[in-house]
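> sequence below, structure please.
(2 chains)
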Amino acid sequence: MAINKLSIYHIIVEDIKTKILKGELKSGDMVPSENQLSREYDTSRVTVRKALSVLINEGYIFTVQGKGNFVSDPNLYEYEFQFKNEEHSLDTKLISVEIVKPTTDIRIHMQHHSNDKIVEIKSYLTYDGDIIGYALKYMPYRPKEPILEKEFHYINLEETADNNFGETVKIKAESADEEISKILNIILGYPILSLETKIENENNDIIGYEKIYLIGDRYQIIGE
Amino acid sequence: MDTKLYTNLVNDIKNKIISGELSPGDRLPSENELLDIYNISKTTISKSMQILANEGYIVTVPRVGNFVSKPTVSKYLFRYNENEILKRISNKTSICNFEISKGNEKYIIAMEYTNLYCKDSMPVCYIESAVYHQEGNDLSEEDIISMEYFDMVKRYHNLHALKKKISIEAVICPQKICELLKLRINDSVLKVTAQYHDSENILVGSRTAYYNSNYADILAEEQ
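Okay, here's the model as predicted:
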């Protein structure tokens, strides 16, 4: 019984999606009413409402109070992309981990107001064994907590994202300066795709800052 | 009203899963317990569970309960919204170029135009747009100036059926665009290419944006 109900809700969702994709229901068109749908699928209004709330949540339709549900305009200005998937998995090769005095720049990025030392992690990003980028990461140093070596091998955007809140990535095109061109063995001024990330905890404190430099013609971000 | 209630419950549970308060395999409070905690109707609770299950956060086992799913490691999604970026970085648009040329086999007409986006007098972004279609062109240059890109695409295609793809890369700025963006030869530029295909995988439109990174960066937010 429960399984049956679940599949009816699923069928309604898929049917309406198909009609929208085929153009039978166009942007702005009204979706059949709850009553019509519950008659058509011979099911309860609760099931119909569940199906409609999934479609609303996925952005296919929207509700006008007292009037009904209507087909939305798809938001084609938004894309989703991922930095990691089976084909595009980047590996990290640790260069160094040091406890350092923060420079002014880093203090500003991390909103770090004291002269307390911080942890600096440098690593290469590799793809198929080739170096395609360089990552610089800073996080607060807590003397009593041991720094686990294991942690550093895996520190990268993907790993830190799982347990933290509010992340924004700033994406820019830069030209390799003297330091970066030396580290990545490319000519001065070479195009660099830079990704700058600040990681915040639930109180909006910055608990990590990372900047990744990717060699322009070796990596591009793909999204759908 | 109702929408807000289930959004609250959905977000609350999502946050607990993200913060680790609820771990994979954990059982969610029963619907009756949630009823007591949140003081909302059973319908609202079951709607919320449906949404969480649909987004992959939980798995529902009929008659047993709702459980937190195992995270899929490969998912790390960011959202890039061109419209918002352009609004943030520029306050003026001008059309530089407009022409009708030959499209592809299915959509024989290509409508191409370019836009320059400026912040006051500083050019910050240059975009090359194309819309491919079958019917005769009934849009004038004036129409294009006043229309948003997808309002144009909408005249010829079902937007819901379009597949979109984007790539973001850093390249040496092409010479022609250097002049328009007031960049020096050999400066880097952020190139964002978006392509739209119909259900048969035939190109119906494309947009290539060049951002001057000194004045414009792209912000992508975690979902």
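> all helices for chain A, in order.
Listed in chain order, the helices of chain A (DSSP state H) span A:2-22, A:34-40, A:45-57, A:104-110, A:149-154, A:157-163, A:178-184.
> wait, what's in contact with residue B:60?
Residues in contact with residue B:60 (CB atoms under 8 Å, 6 or more residues apart in numbering or on different chains) are A:6, B:49, B:53, B:66-67. (Each C-beta comes from the backbone N, C-alpha and C, glycine too.)
> 7 Å instead, please
Residues touching residue B:60, when contacts are defined by CB atoms under 7 Å, 6 or more residues apart in numbering or on different chains, comprise B:49, B:53, B:66.
> right, and the first one touches residue B:66 too?
Yes. Judged on CB atoms under 7 Å, residue B:49 makes contact with residue B:66 at a distance of 5.6 Å.
> where do the contact lists of the two overlap?
Looking at what touches both residue B:49 and residue B:66 (by CB under 7 Å, 6+ apart), the common residues are B:58, B:60.
> could you say what helices and strands the helix or strand where residue B:207 lies packs with?
Assessed by DSSP states H and E, residue B:207 sits inside strand B:203-211. Helices and strands in packing contact with strand B:203-211 are listed as strand B:122-133, helix B:149-156, strand B:188-197; criterion 3 or more CB pairs under 7 Å, 6 or more residues apart in numbering or on different chains; DSSP states H and E.
> again, 6 Å this time
In this structure, strand B:203-211 makes packing contacts with strand B:122-133, strand B:188-197, judged by 3 or more CB pairs under 6 Å, 6 or more residues apart in numbering or on different chains; DSSP states H and E.
> and the closest residue to residue B:128 other than its chain neighbours, bridged to which residues?
Leaving out its chain neighbours, the residue that sits closest to residue B:128 by CB to CB, 6 or more residues apart in numbering or on different chains is residue B:208, at 4.6 Å. Here residue B:208 sits in beta bridges with residue B:128, residue B:193, going by DSSP bridges.
> got any ranges where the chain has weak pLDDT?
Assuming you mean chain A. In the predicted model, chain A carries pLDDT under 70 at residues A:1-6, A:82-90, A:142-167.
> hmm, I had chain B in mind actually
Low-confidence segments of chain B (pLDDT under 70): B:1-4, B:70-78, B:136-137, B:222-223.
> what parts of it come near chain A?
For chain B, the residues in contact with chain A (CB under 6 Å from any CB of the partner chain) are B:47, B:50-51, B:54, B:62, B:74, B:76-83, B:150, B:158-161, B:164-172, B:186, B:188-190, B:213, B:217-222.
> hmm, back to that, highest average neighbour count across the helices of chain A?
When the helices of chain A are scored by mean count of other CB atoms under 10 Å in any protein chain shown, the highest mean neighbour count falls to helix A:45-57 (a mean of 21).
> circling back to that earlier point, just put the contacts of residue B:60 in CSV and tack on neighbour count.
What follows is the contacts of residue B:60, written out as CSV (neighbours: other CB atoms under 10 Å in any protein chain shown):
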residue, neighbour count
B:49, 23
B:53, 16
B:66, 22
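> where do the strands sit along chain B?
Defined through DSSP state E, the strands belonging to chain B, from first to last, are B:58-61, B:65-68, B:77-81, B:92-102, B:109-119, B:122-133, B:163-172, B:188-197, B:203-211, B:218-222.
> now the fifth one - C-alpha only, CSV.
Listed next in CSV are the C-alpha coordinates belonging to strand B:109-119 (Å, rounded to 0.1, in the frame of the first residue of the first chain):
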residue,chain,number,x,y,z
ILE,B,109,19.4,31.1,-39.5
ALA,B,110,21.9,32.4,-37.0
MET,B,111,21.2,35.7,-35.3
GLU,B,112,24.5,37.0,-33.8
TYR,B,113,25.2,40.1,-31.7
THR,B,114,27.7,41.3,-29.2
ASN,B,115,27.3,43.3,-26.0
LEU,B,116,29.7,45.4,-24.1
TYR,B,117,29.0,45.8,-20.3
CYS,B,118,30.5,48.8,-18.6
LYS,B,119,30.8,50.1,-15.0
